[in-house]
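Student: Would you be able to build a 3D model of this:
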Amino acid sequence: MYGGGILRGAPTPRIDKLASEGTRLLNFNVEAQCTPSRSALMTGRFSIRSGTYAVPIGGVADGLTQWEITIAELLSAQGYATGMWGKWHLGSAEERFPTHQGFDEWYGIPRTYDESMWPGQNATGGMWPSVGSKQGWNANIARLEPIYEARKGEKANQVGELNLDTRRTMEAEITKRAVDFIKRNASAGKPFYAYVSSSMVHMPALPNPEFVGKTGNGDWADCLAEMDYRTGQILDALKDAGVEDNTLVVFASDNGPEATDPWEGDSGPWRGTYFTAMEASLRAPFIIRWPGKVSAGWSPRLTVWRVRGPFRSISRPSYRSRSWLQPDRCLFSLVRSRGFVSSFQMPRYSPAAACYRFRGRHDGRRPFELGSPSQAELF
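Tutor: So this is what the prediction gives:
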């Protein structure tokens, strides 16, 4: 699907199956960088309104404006358990972490995976300069990016540092924690929102030791195989927990392919890479599955930059009269956001999976047109 998978060195049977079970958008448009796309995903608004219109450089002040209302805050107020795992990139300070923006729990990094190269990147063959110790990098000045574990209402606990070794094991840890979250809340009968911000296939594309050499086509293809496997683990967890048919799953990407050697991506017929205004930068994968409610096997060729029906229906009811609901806040749209999961064929930034579990009534319309918010019966 999307011309990826086996054409890039590794079959992706689990992601392909997910696409066949839901609707696959062929012209879904995002931002050229990950931070603005993720901001739009969280808030339903253009990123420039939230101070998150560009990727921040490590060490400078950054983060989502604190008065913004995120989808996690809205769903938490409706009684949902909310969890996130992986790269946040919407604030590096404690008060701007996910657990201060509506999430009950978080495991991951505040910024980006390329910082894992700081200790050892002493040579380069691509567009980025070396930043290793030979070039003057000093941990006392620019310390390694922390790996955090956090819970709402508590100070985040640093459980590690991001380096080339921990980079390889992040995806397995992200998936393990997401699966545990799904099982816990499904067994308790509690609705949940799971934002799984996968680390694949973000540069440096380094597979888990279990996947090294698995495809015979190099690290990038091995990462692709691992991403497909981890996606399958999350989907299996939903099925095993008995909530598969009552869970809305979105698999999307927050921008286009990588440009940096040796992790260059490929967007098929589209020209360009992320951080450009070319089509490959902005045109990203999007799959949505909700058994019995979202059409299976449908691939519309319409241009989409905002998806709001199901998200608004889930989160809006008790907020409809709030004065802070500005007219431009579409609840909840992916406003030019590729934010959830990066597909294998748009090899660049972190995949993220989002799962919404809720009970609703469908009025027979096509996907993304679920009717008025009153037609969502939350529990």
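
Student: Can you mark which positions in stretch 57-74 are buried?
Tutor: 62-64, 68-74 (16 or more other C-beta atoms under 10 Å). For the C-beta atoms, the positions are set from N, CA and C on the backbone; glycine is no exception.

Student: And the furthest pair within those residues?
Tutor: The span of the buried residues of stretch 57-74, defined through C-beta to C-beta, is set by 62 and 74 at 23.3 Å.

Student: Restricted to helices, list the buried residues of stretch 57-74.
Tutor: Among those, DSSP state H puts 71-74 in helices.

Student: In JSON lines, list those along with pLDDT and distance to residue 109.
Tutor: Shown next, in JSON lines, are these (pLDDT from 0 to 100; distance: C-beta to C-beta, whole Å):
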{"residue": "71", "pLDDT": "92", "distance to residue 109": "21"}
{"residue": "72", "pLDDT": "94", "distance to residue 109": "18"}
{"residue": "73", "pLDDT": "94", "distance to residue 109": "22"}
{"residue": "74", "pLDDT": "92", "distance to residue 109": "25"}
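
Student: What is the nearest of those residues to residue 284?
Tutor: residue 71 (18.8 Å).

Student: Next, work out how far apart the closest one and residue 193 are.
Tutor: Distance, residue 71 to residue 193, using C-beta to C-beta, to the nearest Å: 7 Å.

Student: Then residue 52?
Tutor: Distance from residue 52 to residue 193, by C-beta to C-beta: 20 Å.

Student: With residue 21 instead?
Tutor: The gap separating residue 21 from residue 193 is 20 Å, by C-beta to C-beta.

Student: swap in residue 290?
Tutor: Distance from residue 290 to residue 193, counting by C-beta to C-beta: 14 Å.

Student: now swap in residue 253 and tell me
Tutor: From residue 253 to residue 193 the distance is 19 Å (C-beta to C-beta).

Student: Just want to know which of those two has more residues nearby.
Tutor: Using other C-beta atoms under 10 Å, the more surrounded residue of residue 253 and residue 193 is residue 253, with 33 against 28.

Student: Isn't the more buried one up against residue 30?
Tutor: Yes: contact criterion C-beta atoms under 8 Å: residue 253 and residue 30 qualify, at 7.1 Å.

Student: Show me where this protein dips below the pLDDT cut-off.
Tutor: 1-4, 58-59, 120-137, 301-379 (pLDDT under 70).

Student: Now do the strands for it: every range, in order, please.
Tutor: Using DSSP state E, the strands of the chain run over 23-29, 81-86, 105-108, 146-151, 157-161, 192-197, 247-252, 283-289, 352-357.

Student: Using a markdown table, lay out the ones you listed together with distance to residue 184.
Tutor: Converted to a markdown table, those look like this (distance: least, C-beta to C-beta, whole Å):
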| stretch | distance to residue 184 |
| --- | --- |
| strand 23-29 | 29 |
| strand 81-86 | 8 |
| strand 105-108 | 10 |
| strand 146-151 | 13 |
| strand 157-161 | 19 |
| strand 192-197 | 9 |
| strand 247-252 | 15 |
| strand 283-289 | 22 |
| strand 352-357 | 12 |
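
Student: For residue 259, which of those strands is the nearest?
Tutor: Once those are compared by C-beta to C-beta, strand 283-289 is nearest, at 15.3 Å.

Student: That closest one vs strand 23-29, what angle?
Tutor: 150 degrees (axes from the mean of the first three to the mean of the last three C-alpha atoms, to 10 degrees).

Student: mind listing what strand 283-289 pairs with, with the direction of each?
Tutor: strand 23-29 (antiparallel), strand 247-252 (antiparallel) (DSSP bridges).

Student: beta partners for residue 28?
Tutor: Going by DSSP bridges, residue 28 forms beta bridges with residue 284, residue 304.

Student: That one and residue 5: what is the separation?
Tutor: Where residue 5 is concerned, residue 28 sits at a distance of 18 Å (C-beta to C-beta).

Student: For these two, indicate the residue with more neighbours.
Tutor: Taking neighbours as other C-beta under 10 Å, residue 28 and residue 5 compare with residue 28 leading, 24 against 20.

Student: wait, the more buried one sits on residue 286?
Tutor: Yes: the pair residue 28 and residue 286 qualifies as a contact (C-beta under 8 Å) at a distance of 3.8 Å.

Student: Can I get the longest helix along the chain as CSV, trimmed to CA atoms?
Tutor: Across the chain, the longest stretch assigned as helix under DSSP H is helix 164-187. Extracted in CSV, the C-alpha atoms of helix 164-187 (Å, rounded to 0.1, in the frame of the first residue of the first chain):
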residue,chain,number,x,y,z
LEU,A,164,22.7,4.8,20.0
ASP,A,165,22.2,1.8,22.3
THR,A,166,18.9,3.0,23.9
ARG,A,167,17.7,4.2,20.5
ARG,A,168,17.7,0.6,19.3
THR,A,169,15.4,-0.6,22.2
MET,A,170,13.0,2.3,22.3
GLU,A,171,10.4,0.8,20.0
ALA,A,172,10.1,-2.4,22.0
GLU,A,173,9.7,-0.5,25.2
ILE,A,174,7.1,1.9,23.7
THR,A,175,5.1,-1.1,22.4
LYS,A,176,5.3,-3.1,25.7
ARG,A,177,4.0,-0.1,27.7
ALA,A,178,1.2,0.6,25.2
VAL,A,179,0.0,-3.0,25.2
ASP,A,180,0.0,-3.1,29.0
PHE,A,181,-2.1,0.1,29.1
ILE,A,182,-4.6,-1.4,26.7
LYS,A,183,-4.9,-4.6,28.7
ARG,A,184,-5.3,-2.7,32.0
ASN,A,185,-8.0,-0.4,30.9
ALA,A,186,-9.9,-2.9,28.8
SER,A,187,-10.0,-5.4,31.7
